[in-house]
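Undergrad: how would this look folded up:
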Amino acid sequence: MDEAFDIDLDGSQYANKQASLKLTAEDPPSGNITLPIDFENNPLCLPCKNNSGLHDYLGVVNVDLTPEDDLIKGVLPGEKSTKTVESTNITEATPVFKSSRTFLRFPGCHQTGLVFESGSKHFDRHNRFHKERPLRVTSIRDYLLKSKVSDGNDKTVVESNRKSPEELFLDNDDYLRVHLPGYMQRLDRISKCTCNDRLDVEGEQFKSIYFTNDSVREAKTAASSLCRLVTDVVSGILDNGFAVIRPPGHHAEPGLAGGYCVINNVAVAAAYAREKLGVKKVLIVDWDVHHGNGTQKCFIDDPSVMYFSVHRYHGGNFFPFLDHGGPNCVGNNEGKGYNMNVGWNDKKMGDDEYLVVWEKLLMPVANEFEPDLVLVSAGFDAARGDMGECDVTPECFARLTRRLKTLANGKVVCALEGGYVRSVLCKCVESVLSALLDSESEVKCEKELQTFYKNLGDMEMLDCIDPSASKSIVETIKAHSPYWKCLHSP
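TA: Residues are numbered from 1 along each chain as shown. You can find the predicted model right below:
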């Protein structure tokens, strides 16, 4: 069955022209492409439908490839150059990441990058059924392949296969922007260790950590995958993205592993975007049920990165059992006002409480902050039925995502953190991914807000939620009111 799509030739000298693509949904994919474009100056990023129903992000078609497989054949007419390019298996082509690239955009949905890194060689050797294990990621992938978001008739997922045989995307300096040199040297020694007993001793030096001698490489692969996805979103190749990766990262401090986290993926990506991609301001939103103590510590002095976390706190008596996850930790020095914590002091916080946090606190401040990029530490252990004993539904996570898409011109990239009940986790990821894909999310968001305020009527929204949650929100507003005009009392 053939499927025809329009192509938006953004960034090319033919940007005002349209072309069409017809792909045959076979395995391997085949088809002819007719494009008025200069391939030598504008390599084509080509999503092709495969038999899984997803669209694989295959890299770029390069004119100097040797034709070996009859996979893709392009006819390229132009005033100065008309040529036929035959590529080899472009899944093996080297991607070129530039700020100006031609890419395919399918009508009716956003171009959403989807990365899977299961970290298959990072696991607890003493407990193969540990809740944080590779099955978390592979279960999500299997679920999405069967779900409605992989239906090529109305949704397009660009799946990124980011592993390279030898070299990873990041170099050591990219980690040293957020992690201490001594810590990275320690991780390097762990990666070279072949003694399991010694690896166990190393893991015992941290809180809730296990190591294999491949753990560090798997952690670097996760961070690398996220940074490449962020690169594509910032450059405009993709609209947004979701990195389904492990090990998670938000508990990893500059000099400490902890909470199943070895390298702080989101912190590395935020610093990378600032340093390498020219992003001026980054908003990190952490909705994991646990406070991201590591991310907070990485940017506690930095006014260019705003960290916002909503989590269970209980006065510091909930993991990670630290007192600086409360409302009064607002940042240090120039970073004062850019670290914002809403700490729940009770269980069972659900959709209403999270929606009120967004409307009463996060969105007003975020709009005043005006980020250029939004990164989400997307843990789902606050979901109904997961282990965090909160009550957030998959649809609520989608609504929160739609609100975030109104920021930074929609440049939102999510990275998996927690979430351990796989049946719950899969549904939550699917819901967020659907929100990222939906090009009509802004319209839906506006309707949801209208309904939200209509249901409130004349009532104050803080009076409509759990009193303990209301108190937590008020405490955070009070702590941050000196720094944000939108929080000033009328």
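Undergrad: does Ile209 count as helix, strand or coil?
TA: Here Ile209 takes the coil state, with states given by DSSP: H, G, I helix; E, B strand; the rest coil.
Undergrad: quick one: it from Ser147, how far?
TA: Look at Ile209 and Ser147: by CB to CB, to the nearest Å, they are 33 Å apart. Using the backbone N, CA and C atoms, a C-beta is placed for each residue, glycine as well.
Undergrad: ditto for Val330
TA: Distance, Val330 to Ser147, using CB to CB: 40 Å.
Undergrad: which one's the longest helix in this structure?
TA: helix 215-235 (DSSP state H).
Undergrad: tell me the pLDDT at Lys155?
TA: pLDDT, Lys155: 47.
Undergrad: Sticking with Gln296, tell me its helix or strand.
TA: helix 293-298 (DSSP states H and E).
Undergrad: Which residues outside that helix are in contact with it?
TA: 178, 249-254, 256, 258-259, 261, 264, 266-267, 271, 284, 286, 307, 309, 320, 322, 324-325, 329, 339, 341, 377 (CB atoms under 8 Å, 6 or more residues apart in numbering).
Undergrad: Would you list the buried entries among those residues?
TA: Buried members of the contacts of helix 293-298, scored by 16 or more other CB atoms under 10 Å, are 178, 249-254, 256, 258-259, 261, 264, 266-267, 271, 284, 286, 307, 309, 320, 325, 329, 339, 341, 377.
Undergrad: Show me those residues that map onto helices.
TA: Val266, Ala267, Ala271.
Undergrad: Run through the stretch 1-150 of the chain and note the low-pLDDT ranges.
TA: 1-109, 148, 150 (pLDDT under 70).
Undergrad: So the residue nearest the centre of the chain, which state does it fall into?
TA: Geometric centre of the chain, nearest residue: Cys414, 2.0 Å, by CA atoms, centre = their mean. Put simply, Cys414 is strand when judged by three-state DSSP.
Undergrad: Give me the pLDDT for it.
TA: 98.
Undergrad: surely it meets Cys428?
TA: No - assessed by CB atoms under 8 Å, Cys414 is found out of contact with Cys428, at 10.7 Å.
Undergrad: how about the helices in this protein?
TA: 135-146, 172-176, 181-191, 196-204, 215-235, 265-276, 293-298, 351-357, 363-369, 394-404, 422-437, 441-456, 467-480.
Undergrad: For the last one, which helices and strands make contact with it?
TA: Under the contact criterion of 3 or more CB pairs under 8 Å, 6 or more residues apart in numbering; DSSP states H and E, the helices and strands touching helix 467-480 comprise strand 339-344, helix 351-357.
Undergrad: Tell me what angle that helix forms with strand 339-344.
TA: 160 degrees (axes from the mean of the first three to the mean of the last three CA atoms, to 10 degrees).
Undergrad: what about helix 467-480, average pLDDT?
TA: For helix 467-480, the per-residue pLDDT averages 98.
Undergrad: Ok, the third one next?
TA: Along helix 181-191, the predicted confidence averages to a pLDDT of 97.
Undergrad: who are the neighbours in contact with Gly337?
TA: Gly337 touches Pro303, Val330, Gly331, His480, Pro482, Tyr483, Trp484, counting by CB under 8 Å, 6+ apart.
Undergrad: no wait, Ala382
TA: Ala382 neighbours (CB under 8 Å, 6+ apart): Trp287, Asp288, Val289, His311, Arg312, Met349, Tyr354, Gly388, Cys390, Val392.
Undergrad: what's the answer for Ala479, then?
TA: Pro327, Asn328, Val330.
Undergrad: just curious, which of the residues you listed is nearest to Val424?
TA: Pro327 (28.4 Å; CB to CB).
Undergrad: May I have the residues that are in contact with that closest one?
TA: The contact partners of Pro327, taken as CB under 8 Å, 6+ apart, are Asn341, Val342, Gly343, Ser472, Glu475, Thr476, Lys478, Ala479.
Undergrad: Wait, the first one touches Arg312, no?
TA: No - taking CB under 8 Å as the contact criterion, Asn341 and Arg312 are not neighbours in contact, 11.3 Å apart.
Undergrad: Now for the nearest residue to Gly325 once chain neighbours are set aside, how many residues are close by?
TA: Among residues not flanking Gly325 along the chain, His291 sits closest, at 3.6 Å (CB to CB, 6 or more residues apart in numbering). By the criterion of other CB atoms under 10 Å, His291 has 29 neighbours.
Undergrad: Distance check, His291 against His251.
TA: Distance of His291 to His251, computed by CB to CB: 9 Å.
Undergrad: Mind listing the shared neighbours of those two?
TA: With CB under 8 Å, 6+ apart as the test, His291 and His251 both reach Pro320.
Undergrad: Would you agree Asn345 is in contact with Asn317?
TA: No - assessed by CB under 8 Å, Asn345 is found out of contact with Asn317, at 9.2 Å.
Undergrad: So the two - more neighbours on which side?
TA: Asn345 (17 against 10).
Undergrad: quick one: contacts for that one?
TA: Contacts of Asn345 were listed using CB under 8 Å, 6+ apart, and they are Tyr313, His314, Gly315, Ser468, Lys471, Ser472.
Undergrad: unless I'm mixing things up, Val421 is touching Asp386, no?
TA: Yes - between Val421 and Asp386 there is a contact at 4.7 Å, judged by CB under 8 Å.
Undergrad: the more surrounded of those two?
TA: The neighbour count for Val421 versus Asp386, taken as other CB under 10 Å, is higher for Asp386 (23 against 19).
Undergrad: show me what contacts the more buried one?
TA: Contacts of Asp386 (CB under 8 Å, 6+ apart): Val289, Phe380, Gly419, Tyr420, Val421, Val424, Leu425.
Undergrad: burial of the spatially closest residue to the fourth one that is not a sequence neighbour, as a residue count?
TA: Going back to what we said before, that points to Tyr420. Spatially, and ignoring its direct neighbours in sequence, Tyr420 is nearest to Lys131 (4.2 Å; CB to CB, 6+ apart). By the measure other CB under 10 Å, the count of residues near Lys131 is 16.
Undergrad: Equivalent analysis for the one 5 residues further on, please.
TA: One way to gauge burial is a neighbour count; for Arg136, by other CB under 10 Å, it gives 23.
Undergrad: ok, it to Ser120 distance?
TA: In terms of CB to CB, Arg136 sits 11 Å off from Ser120.
Undergrad: Pro371 now?
TA: 34 Å.
Undergrad: Let me see the confidence value for Lys360.
TA: Lys360 is given a pLDDT of 96.
Undergrad: Neighbours of Lys192, how many?
TA: 9.
Undergrad: Can you tell me, leaving aside adjacent residues, what's nearest to it?
TA: The spatially closest residue to Lys192, leaving aside those adjacent along the chain, is Asn213, at 7.3 Å (CB to CB, 6+ apart).
Undergrad: Identify the residues contacting that neighbour.
TA: Counting by CB under 8 Å, 6+ apart, Asn213 has contacts Ile190, Ser191, Lys192, Cys193, Thr194, Leu199.
Undergrad: Thanks again, I'm all set now.
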